[in-house]
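# Structural data only, the sequence is not supplied:
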């Protein structure tokens, strides 16, 4: 392991199978790490929305979704669903961001940031407008996750020496 404080890259002692050469992690990999960190801000924003909705609508733990017996159950469930749906996608997207950042750090960080911003807008919209309110944020987040999915195939092929 070699770290250059103001250098172009950090050298890591492992070898790519296709070439048997040491692989370098570019300094720009830090952008992807920052996006992963920012995703925690997104998660806490969604958590705070759920906590507030629990108080507002009287839904106690461990109830995940409110039943029809709860007044405005659909409003609480919209807030909760926005967070749950994000959690269902969060870990896979983080993995895609970091894997792709090994080869394409700036593109990966950009797509990851689009996903994070999209999820914030998604959660806000879903909480304020129900299922119809999630459309814009959903579209923005897909401008991040779909390219990351496709980029993963290219990253893998690049690392394997196929392209």
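Sure, I can see it. All of these numbers come straight from a predicted model, not from anything done at the bench.
# got any ranges where the chain has weak pLDDT?
Scanning the chain for pLDDT under 70 picks out 1-23.
# now the strands: where do they sit in it?
2-3, 9-15, 22-26 (DSSP state E).
# in the protein, which spans are helices?
Remark: helices assigned in the chain by DSSP state H are 29-57, 73-101, 105-129, 135-159.
# most neighbours per residue, which of those helices?
Among these, the stretch with the highest mean neighbour count (mean count of other Cβ atoms under 10 Å) is helix 105-129, at a mean of 22. For every residue, glycine as well, the C-beta is placed using N, CA and C.
# Just want the angle from that helix to helix 73-101.
180 degrees (axes from the mean of the first three to the mean of the last three Cα atoms, to 10 degrees).
# thinking again about what came up before, of the helices of the chain, give the one that comes closest to residue 64.
Across the helices of the chain, residue 64 has its closest neighbour in helix 73-101 (6.8 Å, Cβ to Cβ).
# returning to what we had before: pipe the helices of the chain into CSV and attach distance to residue 64 per row.
Listed next are the helices of the chain as CSV, based on distance: least, Cβ to Cβ, whole Å:
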stretch, distance to residue 64
helix 29-57, 10
helix 73-101, 7
helix 105-129, 16
helix 135-159, 21
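# So which of those helices is nearest residue 66?
Comparing the helices of the chain by Cβ to Cβ, helix 73-101 comes nearest, at 3.9 Å.
# what's that closest one packed up against?
If contacts are counted by 3 or more Cβ pairs under 8 Å, 6 or more residues apart in numbering; DSSP states H and E, helix 73-101 sits against helix 29-57, helix 105-129, helix 135-159.
# Quick check: which of these is nearest to residue 92?
With Cβ to Cβ, the closest approach to residue 92 among the helices and strands packed on helix 73-101 belongs to helix 135-159: 8.4 Å.
# Give me the residues contacting the closest one.
Helix 135-159 is contacted from outside by 16, 18, 89, 93, 96-97, 99-100, 102-104, 107-108, 111-126, 163, using Cβ atoms under 8 Å, 6 or more residues apart in numbering.
# how about the helices and strands packed on helix 73-101 in TSV, adding distance to residue 78?
Below are these laid out as TSV (distance: least, Cβ to Cβ, whole Å):
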stretch	distance to residue 78
helix 29-57	9
helix 105-129	5
helix 135-159	13
